[in-house]
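Trainee: have a look; sequence and predicted model below, questions after that.
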Amino acid sequence: MKAAFHTLGCKVNQYETQAMAEQFEKAGFEIVPEEDAADCYVINTCTVTNLADRKSRQFIRRARRVSPGAVIAVTGCYSQVKPEELWAMPEVDIVTGNGDKPHLIDLVKEAMEERKRIFKVPAYEALTEYTDRGIIMNMEGRTRAYIKIQEGCNRFCSYCLIPFARGKVRSRDPEEVVDEAKALIANGFKEIVLTGINTALYGTEEGFAEKYGVYEYGIESIIKRIDAIPGSFRIRLSSLEPTVVNAEYVGRLLKYEKLCPHLHLSIQSGSDEVIKAMNRHYTRDEYLDIVKVLKEHDPGYGITTDIIVGFPGETEEDFMDSVRMTEEAGFLKVHVFKYSKRKGTRAESMKDQVPGEVKNERSDRLLEAGEKAAKEFFGKESGRTRTALFEEVTEEGLLTGYTENYVRVYAKAEGSPEKYLNEFFTVIMGGPFEDGMTAEIIEK
């Protein structure tokens with residue numbers, strides 16, 4: 001029996017797909033590429049935007065065309081918040097929510113054996129416990145591995161459906177996280193990426209500290225434990241939310257030697273008025289206070305961010321605040337999103353919805369500002385010494401990978417390039433090149 005997986009959306013979904021794939025393998029399925037014919041397709045959906053919903057439906061129809069007799073199972077955030085839309089598709093055999101991902105293999109077997117459709121989607125209010133998915137032993141690559149440490153969000157930003165798709169905040173047993181990190185390091189992974197729906201909320205729920213004997217607040221408790229594991233590896237945070245952490249808290253994390261000087265810190269808007277309308281609890285000055293702490297620790301600290309353009313009520317001056325924030329913060333990368341109206345959110349009914357053509361124009365301008373900020377960041381990095389972890393070889397024979405501050409580098413290898421893969425090397429940063437920088441290897 002063959003199973004194929006298709007994943008949309010965030011790193012958490014990617015992690016959960018890997019967990020499901022390992023379950024299917026243990027059950028005797030052969031995992032095949034998503035474009036191949038299979039006996040079962042699992043589509044792990046996202047619903048952050050309307051486009052994500054549409055991509056999910058497109059793949060479902062494609063899978064049915066490729067394998068008319070396959071069982072098609074749909075899970076993830078789209079199926080959690082809009083299960084009826086997916087159940088109405090004749091191509092779909094199973095619709096289940098995020099809470100039943102660990103049991104999807106059983107539902108697939110049932111659907112195959114009894115040739116019946118299955119609908120099992122609990123309400124988001126029922127998502128109250130961290131569901132054990134076991135320890136992940138492998139990932140697609142052999143260099144970087146993700147560990148999911150946290151589930152759910154209680155922030156209810158006015159544009160976001162994720163709290164309804166993922167439920168309340170619940171955190172994973174810290175000892176299980178450490179065990180998974182040790183297993184991945186033993187399997188040769190050199191970078192451990194901690195991820196979650198709102199990673200900064202790890203361990204903040206009532207009773208967590210007493211239950212697990214944790215005395216450090218929040219995500220510091222996990223960083224401290226993984227940092228103490230022996231071995232040559234590094235820790236990267238997938239993101240932190242300024243709605244949860246402040247400059248003082250972030251400053252406490254900087255003492256951990258294996259933690260990379262890179263952080264994805266989503267600001268979403270540079271305008272205080274828009275930030276308030278988004279129901280995000282910080283100001284642009286408080287955000288810049290965090291940036292200041294990070295840059296004082298390492299002037300080349302890599303900060304990436306998300307910014308939404310065209311949020312309801314966003315004026316030209318509000319938008320220019322986002323442009324100015326891009327310049328002031330010195331971002332390494334700005335991910336630009338055009339506001340997408342999501343049914344069931346407060347922003348859906350807000351006045352002064354921004355026309356599509358204005359969103360497009362602002363998106364182009366902010367992308368340009370982000371590219372300019374990246375070039376300035378690269379210019380300041382030129383000549384600095386960094387540590388690169390090489391992941392692959394390009395068609396041109398160049399080694400490529402990432403530095404600790406998340407700059408993609410390209411370097412020439414002496415002799416066989418394969419001997420450099422999944423190894424740390426000290427490099428001197430050169431100049432801008434493609435989507436990153438050139439680098440010269442000076443020592444292992």
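Mentor: In hand now; what should we look at? All of these numbers come straight from a predicted model, not from anything done at the bench.
Trainee: just the CA coordinates for stretch 268-279, please, in PDB.
Mentor: Written as PDB, here are the backbone C-alpha positions of stretch 268-279 (Å, rounded to 0.1, in the frame of the first residue of the first chain):
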ATOM      1  CA  GLN A 268       2.400  42.700  11.200                       C
ATOM      2  CA  SER A 269       2.300  46.500  11.000                       C
ATOM      3  CA  GLY A 270       4.500  49.500  11.800                       C
ATOM      4  CA  SER A 271       1.500  51.600  12.800                       C
ATOM      5  CA  ASP A 272       0.400  51.800  16.400                       C
ATOM      6  CA  GLU A 273      -3.200  52.400  15.200                       C
ATOM      7  CA  VAL A 274      -3.300  49.300  13.000                       C
ATOM      8  CA  ILE A 275      -1.500  47.200  15.700                       C
ATOM      9  CA  LYS A 276      -4.200  48.100  18.100                       C
ATOM     10  CA  ALA A 277      -7.000  47.400  15.600                       C
ATOM     11  CA  MET A 278      -5.300  44.000  15.000                       C
ATOM     12  CA  ASN A 279      -5.700  43.300  18.800                       C
END
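Trainee: just the buried positions in that stretch, please.
Mentor: Neighbour counts using 16 or more other C-beta atoms under 10 Å place 268-272, 274-275, 277-279 of stretch 268-279 among the buried residues. For the C-beta atoms, the positions are set from N, CA and C on the backbone; glycine is no exception.
Trainee: what do you get for stretch 429-438?
Mentor: Neighbour counts over stretch 429-438 (16+ other C-beta under 10 Å) mark 429-430, 433, 436-438 as buried.
Trainee: burial count for Lys11?
Mentor: Lys11: 18 surrounding residues under other C-beta atoms under 10 Å.
Trainee: ah, wrong one, I meant Ser266
Mentor: When neighbours are counted by other C-beta under 10 Å, Ser266 registers 18.
Trainee: need the contact list for it.
Mentor: Counting by C-beta atoms under 8 Å, 6 or more residues apart in numbering, Ser266 touches 239, 241-242, 305-306.
Trainee: flag the shaky bits of the chain, pLDDT-wise.
Mentor: Applying pLDDT under 70 to the chain flags the ranges 132-141.
Trainee: break it into its domains for me.
Mentor: With domains defined by automatic domain parsing, the chain comprises 2-122, 125-260, 263-380, 385-443.
Trainee: out of the buried residues of stretch 268-279, who's nearest Tyr15?
Mentor: Nearest to Tyr15 among these, counting by C-beta to C-beta, is Gln268 at 23.4 Å.
Trainee: hmm, the closest one is touching Glu314, no?
Mentor: No - in this structure Gln268 lies outside contact range of Glu314 using C-beta atoms under 8 Å: 11.1 Å.
Trainee: roughly how far does Ile185 sit from Arg236?
Mentor: Remark: distance between Ile185 and Arg236 (C-beta to C-beta, to the nearest Å) = 14 Å.
Trainee: which residues do the two both contact?
Mentor: Common neighbours of Ile185 and Arg236 (criterion: C-beta under 8 Å, 6+ apart): Ile192.
Trainee: residues contacting the closest residue to Thr438 other than its chain neighbours?
Mentor: Among residues not flanking Thr438 along the chain, Gly430 sits closest, at 3.5 Å (C-beta to C-beta, 6 or more residues apart in numbering). Counting by C-beta under 8 Å, 6+ apart, Gly430 touches 382, 437-440.
Trainee: chain center to whichever strand or helix holds Gly430, what's the gap?
Mentor: Under the criterion DSSP states H and E, the helix or strand holding Gly430 is strand 424-433. Here the centre of strand 424-433 is set off from its chain's centre by 25 Å, with C-alpha atoms, centre = their mean, to the nearest Å.
Trainee: which residues touch whichever helix or strand comes after that strand?
Mentor: Using DSSP H and E, the next helix or strand after strand 424-433 towards the C-terminus is strand 436-443. With contact meaning C-beta under 8 Å, 6+ apart, strand 436-443 is reached by 378, 381-382, 385-386, 388, 399-400, 403, 407-414, 420, 425-432.
Trainee: if we use 10 Å, what do you get?
Mentor: With contact meaning C-beta atoms under 10 Å, 6 or more residues apart in numbering, strand 436-443 is reached by 374, 377-379, 381-382, 385-386, 388, 390, 398-403, 406-414, 420, 425-433.
Trainee: got the angle for it vs strand 424-433?
Mentor: 150 degrees (axes from the mean of the first three to the mean of the last three C-alpha atoms, to 10 degrees).
Trainee: strand partners of strand 436-443, parallel vs antiparallel please.
Mentor: strand 408-411 (parallel), strand 424-433 (antiparallel) (DSSP bridges).
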